[in-house]
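In: Okay, predicted coordinates and the sequence, questions at the end:
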Amino acid sequence: MVPSPPADDAGSTLRGASADRVRAALRDADPLPGGCGFAGLLADPPPRETVDPSRRETADPSRRETSGREARKGPVLVRDVLGRQPLFVERRALDPESDPRPTATGEWGFDRDALDDPEPVPAGSVVSAVGTERVWQLPDPGPTADPGAALSAVEDAVSAALDGLASSARSVPAAGNDDLAVAFSGGVDSGLVAAAVPEAPRYVAGFEGSHDVAAAREAADATDRDLRVVEITHEDLTRAVRAVAAATGRRNPMDVAIAVPLYLTGEAAAADGFDRLAVGQGADELFGGYSKVVDPAEDSRVDADTVRGARTETVRTLPDQLERDVLALRAAGVEPVTPLLDDRVVAAALALPGDLLVDGDERKVALRRVATGRVPESVRTADKKAVQYGTYVSRELDRLARRAGYKRRMDDHVGKYVEALCTAEKPAGEGRD
């Protein structure tokens with residue numbers, strides 16, 4: 001498990017940003033103050049004189065609504081607007097009927113397993129003894145009128161974020177080598193990340209014959225780089241299911257199937273001595289990578305009827321997704337690095353007009369244009385599958401469930417299998433043909 005950061009001189013314990021940066025973000029109500037997110041204990045938050053009623057909403061109706069000044073007295077817990085750093089607090093410490101002390105030692109933590117009954121701190125919120133206050137809202141800028149200016153902003157932001165990644169890889173040597181590896185699926189997102197740190201080893205996990213392994217091999221060959229393939233077996237799969245369920249607190253098949261390849265990739269990198277794993281997380285959400293944003297008016301999976309509106313809906317899913325992914329990777333022994341979730345990239349992406357998100361059947365238009373010249377054309381235009389399908393993890397989890405007697409005619413047969421897998425040493429019938 002990745003250790004928690006030490007407290008700074010003022011008593012704050014934060015991940016992802018300094019206390020000064022978080023205080024400034026609170027003072028200015030700035031949702032994107034720079035960096036790739038933050039969370040933790042801020043010992044001395046700035047007061048706020050006025051209250052914006054729109055920010056008094058709470059994620060949990062049982063939580064007490066608070067004024068800004070009340071919520072800033074004494075130490076507070078903070079989590080950035082996209083929830084890029086997970087943070088948890090004991091549920092009892094939020095109970096308004098008791099004497100809530102959510103910032104007390106032992107009442108909060110960066111990992112679920114540090115607490116008895118963990119509750120996520122909502123993204124964009126401040127938690128204190130007087131309740132939970134929504135402080136930061138996701139920006140909702142109108143589309144940049146000049147497409148050239150919009151694309152230039154993305155180019156500048158992505159370049160700066162990837163330059164920062166390259167600098168961090170050079171500045172943190174471990175045993176004569178960089179401490180950074182890259183999760184690489186052969187798509188444009190991971191391709192951009194890998195191109196920024198060409199000496200960092202590339203890892204992909206998947207079952208034999210899976211799309212992601214084949215795509216990663218082709219992309220590695222096109223860039224003349226080595227690739228470490230983590231070939232998943234059924235034994236690996238069942239072991240990883242238990243591990244990610246324990247780390248994330250989730251047992252639904254979708255979350256488990258997404259987290260398992262990440263976990264096994266991170267585990268392999270950690271076993272090879274790497275402490276950090278660079279990933280392309282966030283690009284699909286920010287740049288319109290999902291099929292449901294192409295024709296949202298005709299797609300029941302989204303409420304919006306415009307491309308930009310559908311993209312915003314997917315961005316709002318990031319806090320929940322990132323909690324899962326970060327916890328899975330930390331459980332594997334690596335700290336995730338997410339350059340495409342840099343605040344500069346987020347701000348530039350949110351201002352994109354719809355036709356730089358989707359153009360006909362092409363998705364992530366702006367990001368693919370920025371990738372021109374940075375990655376091979378085959379990588380720039382690659383059509384990536386969702387990780388749970390591209391690695392065959394969902395398929396093989398279904399296969400194991402049926403072998404164990406959980407047939408498809410049963411309601412949620414894979415979910416029942418995962419539950420049994422996590423609560424028993426081996427589900428009844430596991431391994432049967």
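Out: The structure has been received and is ready for your questions.

In: for the longest helix along the chain, what is the average pLDDT?
Out: Ranked by residue count and defined by DSSP state H, the top helix of the chain is helix 147-171. Taken as a whole, helix 147-171 has an average pLDDT of 94.

In: what packs against that helix?
Out: With contacts taken as 3 or more C-beta pairs under 8 Å, 6 or more residues apart in numbering; DSSP states H and E, helix 147-171 sits against strand 180-183, helix 188-196, helix 343-350, helix 365-370. Every residue, glycine included, has its C-beta placed from N, CA and C.

In: Turn those into TSV, columns for mean neighbour count, distance to residue 280 and mean pLDDT.
Out: Converted to TSV, the helices and strands packed on helix 147-171 look like this (neighbours: other C-beta atoms under 10 Å; distance: least, C-beta to C-beta, whole Å; pLDDT from 0 to 100):
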stretch	mean neighbour count	distance to residue 280	mean pLDDT
strand 180-183	28	7	97
helix 188-196	26	3	97
helix 343-350	24	11	98
helix 365-370	22	10	98
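
In: From the chain's centroid, how far away is the longest helix of the chain?
Out: Its chain's C-alpha centre and that of helix 147-171 lie 19 Å apart, by C-alpha atoms, centre = their mean, to the nearest Å.

In: Tell me what angle that helix forms with helix 188-196.
Out: Interaxial angle of helix 147-171 relative to helix 188-196 (axes from the mean of the first three to the mean of the last three C-alpha atoms, to 10 degrees): 50 degrees.

In: Buried residues in stretch 77-97, which are they?
Out: For stretch 77-97, the neighbour count (16 or more other C-beta atoms under 10 Å) marks 77-90, 93-94 as buried.

In: measure that stretch end to end?
Out: 20 Å (C-alpha to C-alpha, to the nearest Å).

In: can you tell me the average pLDDT over it?
Out: Computed over stretch 77-97, the average pLDDT equals 93.

In: Distance check, residue 99 against residue 130.
Out: 12 Å (C-beta to C-beta, to the nearest Å).

In: do the same with residue 102
Out: 10 Å.

In: Equivalent analysis for residue 187, please.
Out: In terms of C-beta to C-beta, residue 187 sits 45 Å off from residue 130.

In: and those two? which has more neighbours close in?
Out: residue 187 (26 against 20; other C-beta atoms under 10 Å).

In: now the angle from the longest helix of the chain to helix 343-350?
Out: 160 degrees.

In: Please identify the buried residues of helix 147-171?
Out: Buried residues in helix 147-171 (16+ other C-beta under 10 Å): 150-151, 153-154, 157-158, 161-162, 164-166, 168-169.

In: outside of that helix, which residues touch it?
Out: The contact list for helix 147-171 (C-beta atoms under 8 Å, 6 or more residues apart in numbering) reads 143-144, 178-180, 192-193, 195-197, 199-200, 278, 337, 339-340, 342, 344-345, 347-349, 351-353, 355-356, 366-367, 369-370.

In: Kindly recompute the last result at 6 Å.
Out: 144, 178, 180, 196-197, 339, 342, 344-345, 348, 352, 356, 366, 370 (C-beta atoms under 6 Å, 6 or more residues apart in numbering).

In: Ok, stretch 299-311 next?
Out: 288, 292-293, 296-297, 313, 354, 357-358.

In: Any of those buried? List them.
Out: By neighbour count, with 16+ other C-beta under 10 Å, the contacts of stretch 299-311 hold 288, 292-293, 296, 313, 354, 357-358 as buried.

In: want to throw the buried residues of helix 147-171 into CSV with distance to residue 401?
Out: CSV is the format used below for the buried residues of helix 147-171 (distance: C-beta to C-beta, whole Å):
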residue, distance to residue 401
150, 46
151, 46
153, 46
154, 42
157, 43
158, 40
161, 40
162, 40
164, 43
165, 39
166, 43
168, 41
169, 40
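
In: what's around residue 47, how many residues?
Out: Neighbours of residue 47 using other C-beta under 10 Å come to 12.

In: tell me the SS of it?
Out: What DSSP: H, G, I helix; E, B strand; the rest coil gives for residue 47 is coil.

In: And the strands in the stretch 51-200 of the chain, which stretches?
Out: In the stretch 51-200 of the chain, the strands defined using DSSP state E, counting those that start in this stretch lie at 76-79, 88-90, 108-109, 118-120, 125-128, 131-134, 173-174, 177-178, 180-183.

In: err, the stretch 201-350 of the chain, not the other one
Out: Counting by DSSP E, counting those that start in this stretch, the strands of the stretch 201-350 of the chain are 202-206, 227-231, 276-278, 335-337.

In: Which one, of those strands, ends up nearest to residue 241?
Out: Within the strands of the stretch 201-350 of the chain, the stretch nearest residue 241 is strand 202-206; the backing value is 13.7 Å (C-beta to C-beta).

In: now that closest one against strand 227-231, angle please.
Out: 20 degrees.

In: what pairs with strand 202-206, and is each one parallel or antiparallel?
Out: Next to strand 202-206 in the sheet, as set by DSSP bridges, lie strand 180-183 (parallel), strand 227-231 (parallel).

In: In JSON lines: those strands, plus distance to residue 264.
Out: Shown next, in JSON lines, are the strands paired with strand 202-206 (distance: least, C-beta to C-beta, whole Å):
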{"stretch": "strand 180-183", "distance to residue 264": "10"}
{"stretch": "strand 227-231", "distance to residue 264": "5"}
